[in-house]
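build me a structure from this.
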Amino acid sequence: MTSPLDLSLINGPIPAAATVAGAVALLFLGVRRDRPWWTRVLPIAALSCATVTVAVALLVNEVWHPWPEPLPMVVVGWLGVTLLASTLAVLRLRGTRWYWRAASLAAAAVVLTSALVGVNTFFGQYPTPRAALGVFSKDTSDLDSVAMPTPTKQQLPEHGAVSETPIPSSGGFAPRPAWIYLPPAYAVAPRPKLPVLVLLSGQPGSPRDWFDAGQLAKNLDAFAQQHNGRAPIVVVPDQLGSLTANPMCLDSKLGTTETYLARDVPAWIKQRLQVDERREAWTIAGFSQGGTCAFQLAVRAPSVYANFIDLTGQREPTLGTRAASVKAAFDGDDAAYSRVNPWEIVAKARFPDTAGVVVAGRDDSTYRSEDRQVFEACQRAGMEMQWKEMPSGHDWNTWRPGLYEALPWLAQRTGLLEPR
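Model (predicted):
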């Protein structure tokens with residue numbers, strides 16, 4: 001029997017039940033017998049909550065602007081519903097018996113839970129309760145113990161090893177610790193020289209996102225089980241610096257993230273891990289802002305990364321608009337931005353020894369067209385390209401399968417399954 005922890009949080013009975021429960025709870029909070037409730041209290045509360053919700057959306061999208069994409073309407077809608085439920089619950093606390101007060105607070109909690117499930121369904125962040133609960137655990141190994149230079153194990157372990165460790169920057173950038181996945185084959189003697197996948201999160205985000213929402217260890221273990229323990233060595237560095245920062249993977253006044261990803265991270269990997277050092281064995285990948293970074297590094301550091309996987313990235317590094325990006329990173333010097341903009345570089349240069357996969361979401365109204373433009377521009381620049389389109393949007397329902405369906409391509413490109 002399927003464990004309750006492995007039931008889907010994205011489709012099926014749980015999201016449907018949560019939606020129905022939320023609707024019933026909101027109806028309970030909104031219905032009272034007294035006339036003033038219907039003529040004054042409820043309309044004023046609904047109008048006030050709608051106004052606050054719109055104001056918050058405008059503040060986030062137009063003033064704060066912490067990430068390039070606007071808040072999805074699904075998120076805005078659930079925010080308004082949750083705010084209304086909380087307001088009605090508070091209004092119902094006065095002049096009622098304790099059990100009605102308790103019921104009102106419980107109903108507000110049900111609406112909040114329904115909202116969380118609804119937002120999760122939209123983004124596909126946590127596909128199962130087990131994945132959601134994984135956020136509260138930190139099952140990692142010490143890198144020095146799992147990356148010993150001379151392994152003695154002869155029996156292939158069932159799972160790969162996951163570690164968290166800092167990768168220092170040589171310039172003006174302060175990254176958070178990186179997360180590392182070493183496949184089962186790395187733990188046995190003789191140790192094969194495995195290819196490297198440098199993998200990036202989106203923004204807002206952190207390296208751990210690929211292990212929680214992306215279920216990276218689980219999916220790479222499954223791939224390794226089918227290929228004699230072999231899978232890429234995956235290094236997930238931090239290209240952001242904090243949850244909401246966005247230095248755009250450039251060397252600019254915002255930080256030296258291009259140097260970090262093109263020089264510091266590869267040097268650290270070669271120093272600390274035994275890997276296949278051939279250029280053909282190195283791939284950079286990421287989703288959303290991380291996908292843009294993957295495209296950037298494929299163009300800006302082709303001697304390091306022979307392959308890239310762009311999962312619903314943008315056409316060029318951005319803080320929302322080109323003007324805002326140029327002002328924040330280069331004090332308004334548009335020529336300086338143009339010199340490092342991969343979209344402009346790839347239009348003028350050729351990269352016959354680089355290959356890539358561009359993954360787009362069919363329902364991604366914001367970036368699907370840009371993804372197609374990147375794919376076609378890379379083809380014109382001589383790259384060997386593949387286009388993949390997922391029946392989903394700008395979310396984990398695209399990013400998660402987009403990466404794992406590209407693994408056979410990556411294995412072929414990097415020589416993963418060839419003895420080395």
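
contacts for stretch 212-230, please.
124-127, 131, 134-135, 156-160, 162, 181, 183-185, 188, 192, 194, 199, 210-211, 231-232, 234, 236, 396, 399-400, 403-404, 407, 411, 416-417 (Cβ atoms under 8 Å, 6 or more residues apart in numbering). All C-beta atoms are positioned from the backbone trio N, CA, C, and that covers glycine.

list the buried residues of that stretch.
By neighbour count with 16 or more other Cβ atoms under 10 Å, stretch 212-230 contains the buried residues 212-217, 219-221, 223-224, 229-230.

in CSV: these, plus secondary structure.
Putting these into CSV (DSSP: H, G, I helix; E, B strand; the rest coil) gives the following:
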residue, secondary structure
212, helix
213, coil
214, coil
215, coil
216, helix
217, helix
219, helix
220, helix
221, helix
223, helix
224, helix
229, coil
230, coil
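
Serialize these to a markdown table and add fields for pLDDT and distance to residue 266.
Shown next, in a markdown table, are these (pLDDT from 0 to 100; distance: Cβ to Cβ, whole Å):
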| residue | pLDDT | distance to residue 266 |
| --- | --- | --- |
| 212 | 92 | 26 |
| 213 | 93 | 26 |
| 214 | 95 | 22 |
| 215 | 94 | 26 |
| 216 | 97 | 20 |
| 217 | 96 | 22 |
| 219 | 96 | 24 |
| 220 | 98 | 20 |
| 221 | 97 | 25 |
| 223 | 98 | 23 |
| 224 | 97 | 23 |
| 229 | 96 | 24 |
| 230 | 97 | 21 |
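
can you redo the residues you listed as JSON lines with distance to residue 327?
Conversion of these to JSON lines gives the following (distance: Cβ to Cβ, whole Å):
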{"residue": "212", "distance to residue 327": "34"}
{"residue": "213", "distance to residue 327": "32"}
{"residue": "214", "distance to residue 327": "33"}
{"residue": "215", "distance to residue 327": "38"}
{"residue": "216", "distance to residue 327": "36"}
{"residue": "217", "distance to residue 327": "40"}
{"residue": "219", "distance to residue 327": "40"}
{"residue": "220", "distance to residue 327": "40"}
{"residue": "221", "distance to residue 327": "45"}
{"residue": "223", "distance to residue 327": "43"}
{"residue": "224", "distance to residue 327": "46"}
{"residue": "229", "distance to residue 327": "50"}
{"residue": "230", "distance to residue 327": "47"}
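
out of those, who's nearest residue 291?
residue 214 (13.2 Å; Cβ to Cβ).

distance check, the closest one against residue 402.
Per Cβ to Cβ, to the nearest Å, residue 214 is found 10 Å from residue 402.

do residue 352 as well
25 Å.

which one of these two is surrounded by more residues?
Comparing residue 352 with residue 402 by other Cβ atoms under 10 Å, the one with more neighbours is residue 402, at 26 against 9.

now the more buried one: how far from residue 121?
Per Cβ to Cβ, residue 402 is found 18 Å from residue 121.

buried subset of the contacts of stretch 212-230?
By 16+ other Cβ under 10 Å, the contacts of stretch 212-230 give 124-127, 131, 134, 157, 160, 162, 181, 183-185, 188, 192, 194, 199, 210-211, 231-232, 234, 236, 396, 399-400, 403-404, 407, 411, 416 as buried.

quickly name whichever of the buried residues of stretch 212-230 is closest to residue 250.
Closest to residue 250, out of all of the buried residues of stretch 212-230 and judged by Cβ to Cβ, is residue 214, at 24.7 Å.

quick check: residue 315 touching residue 376?
No. With contacts counted by Cβ atoms under 8 Å, residue 315 stays clear of residue 376, the gap being 11.0 Å.

these two: which is more packed in?
Higher neighbour count among residue 315 and residue 376: residue 315, with 18 against 13, using other Cβ under 10 Å.

once you drop chain neighbours, what's closest to that one?
Sequence neighbours aside, residue 370 is the residue nearest to residue 315 in space, at 4.0 Å (criterion: Cβ to Cβ, 6 or more residues apart in numbering).

in what helix or strand does the one you found lie?
helix 368-380 (DSSP states H and E).

which neighbouring elements make contact with the next helix or strand after that helix?
Downstream of helix 368-380, the first helix or strand assigned by DSSP H and E is strand 384-390. Helices and strands touching strand 384-390, by 3 or more Cβ pairs under 8 Å, 6 or more residues apart in numbering; DSSP states H and E, are strand 355-361, helix 368-380, helix 396-404.

helices and strands around the last one, which ones?
This means helix 396-404. helix 216-225, strand 282-287, strand 307-311, strand 355-361, strand 384-390.

which residues are contacting the lowest-mean-pLDDT helix or strand in the chain?
Sorting the helices and strands of the chain by mean pLDDT, DSSP states H and E puts helix 129-133 at the bottom, at a mean of 86. With contacts defined as Cβ under 8 Å, 6+ apart, helix 129-133 is touched by 3-7, 9, 120, 126, 212-213, 215.
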